[in-house]
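Student: Mind folding the following:
(one chain, ligands or ions: 1)
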Amino acid sequence: MPGAVIALNAGSSSVKFGLYEVDASGRPGLILRGVLDLGDAPRLTAKAANGALLHDRKLAADEGAHFGGLLDLIEGHIGGGSLIAAGHRIVHGGRDFIRPVRLTPDVIEAIEKLTPLAPLHQPRSLAPIRALAALRPELLQVGCFDTAFHQTISRTVARVALPRKYEAEGVRRYGFHGLSYEYIAGRLREISPRLAAGRTVVAHLGNGASLCAMRDGKSVDTTMGFSALDGLVMGTRCGSIDPGVLLYLLQEKGISPDNLEHLLYEESGLLGVSGISADMRTLAASDDPRAIEALELFVFRAARETAALANTLDGLDCLVFTAGIGENSAPIRSAICAKLEWLGVRIDAAANQAHAELISAPDSAVTVLVIPTDEELVVARCSLAVSRQ
Ligand code: AMP
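Tutor: Residues are numbered from 1 along each chain as shown. Next comes the predicted model:
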């Protein structure tokens, strides 16, 4: 093997990773995928590209050991080949990081300075970078930013209607889930160059959820904004909310800023409305009226925002569902599409039930697709590109 690259995607209590070998053509091919669980019972699991379990081991309690275990696993699988780079999904790139970068100490410091823009997510992105830098100082590390894909949105779309001085301080809409959207834009070009050149809304519906309006594969609007709280109803995040509610909670209910942050990020969304679970599978299996109401709200808001983005695009040629819910929940896809029939969306019930790639009916004015996303592959590709610069 000429070399390999590892892509890391750090979440709230786990790090997903993919190990890719680089073939003679220079393209990354998946060797294994895994999860480093950093919760109460640290654990490292990995599966081969064909799904076979390769590794499942409890880890000792300190963080350095966790990443040491990950490096041992990787180096065991690449044999004599070299690890070319470790690439990281980084949630916030602010205004300056609009393409993947080599993570030098200065760059890491600059990324850390963006923490006030993403106080929960940015430290999670930085932890594996620091851990790997300490363990393998010579290893090339690359940062790939979730905000970067949305650098093409117009100033009007990016603007929030506050006094201008706040815009100069970075208070604007950035958008997130960019690595997922970049992957989908690439797949769409492979599936249909004609559709890729047109007007598409991509619905990334996972635990975090957002929509992206693309024209010719480039972002022109998106539902997340200054933070990853905006837009759709999510697993535990509220999505768009009247700022007057926040003033009420602060002024009348005396909630502290820290508790408000926790409420908005961790206790709201599907979990808050249902009072049962943030997990779509659990809610879909429940006949509790609160679970049904939570799903109705999820669908209502996803359809409403899709229509809003179709307006930004002056119409809609293609709708793509992706991520955990978008790829796996036929009833949610069907319910969202039913609310978009007036836009010409018609789905084929059998194709939808079978999770086919093409789920729209032949007479649908809008092509509806289900495309599994792959953020780690985008990180791997970008990291390789930076390693060649
Ligand atoms: P993600 O953040 O992309 O991993 O997506 C997580 C969400 O996808 C959770 O709400 C899961 O309940 C949901 N999900 C995963 N599989 C299914 C499924 N088969 N049916 C419905 N929802 C699913």
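
Student: neighbours around residue 29, how many?
Tutor: For residue 29, the neighbour count with other C-beta atoms under 10 Å is 14. In this view, the C-beta of every residue, glycine as well, is placed from N, C-alpha and C.

Student: By neighbour count, which bits of the helix or strand containing it are buried? Give me those.
Tutor: Assigned by DSSP states H and E, residue 29 belongs to strand 28-37. Neighbour-count burial for strand 28-37, counted by 16 or more other C-beta atoms under 10 Å, picks out 28, 30-37.

Student: between those, which is nearest residue 371?
Tutor: In terms of C-beta to C-beta, no member of these lies closer to residue 371 than residue 30, at 16.9 Å.

Student: Burial check on the residue lying closest to that closest one once chain neighbours are set aside, number of neighbours?
Tutor: Nearest-residue entry for residue 30: residue 49, 4.4 Å, with adjacent residues in sequence omitted and distances by C-beta to C-beta, 6 or more residues apart in numbering. Using other C-beta under 10 Å, residue 49 has 13 neighbouring residues.

Student: just checking, residue 49 touches residue 21?
Tutor: No - contact between residue 49 and residue 21 fails when scored by C-beta atoms under 8 Å: they sit 10.0 Å apart.

Student: which neighbours do the two share?
Tutor: 29, 31 (C-beta atoms under 8 Å, 6 or more residues apart in numbering).

Student: Send me stretch 85-105 as CSV with only the CA atoms.
Tutor: Coordinates of each C-alpha in stretch 85-105 appear next as CSV, following Å, rounded to 0.1, in the frame of the first residue of the first chain:
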residue,chain,number,x,y,z
ALA,A,85,-2.4,12.4,6.9
ALA,A,86,-5.1,12.6,9.6
GLY,A,87,-8.0,14.7,8.5
HIS,A,88,-10.6,16.2,10.8
ARG,A,89,-14.1,17.5,10.4
ILE,A,90,-14.1,20.9,12.1
VAL,A,91,-17.5,22.4,12.7
HIS,A,92,-16.7,26.1,12.4
GLY,A,93,-14.2,27.8,10.0
GLY,A,94,-15.5,31.3,10.6
ARG,A,95,-14.9,33.8,7.7
ASP,A,96,-11.3,32.8,7.1
PHE,A,97,-11.2,29.0,6.7
ILE,A,98,-13.0,28.4,3.5
ARG,A,99,-11.0,25.5,2.3
PRO,A,100,-9.1,22.5,3.9
VAL,A,101,-5.9,23.6,5.7
ARG,A,102,-2.8,22.1,7.2
LEU,A,103,-3.2,22.2,10.9
THR,A,104,0.0,24.1,12.1
PRO,A,105,0.1,25.4,15.7
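
Student: Need the per-residue pLDDT for whichever residue of the stretch 101-250 of the chain sits closest to the ligand.
Tutor: Going by C-beta to the nearest ligand atom, the ligand is nearest to residue 206 of the stretch 101-250 of the chain, at 2.5 Å. Looking at residue 206, its pLDDT is 96.
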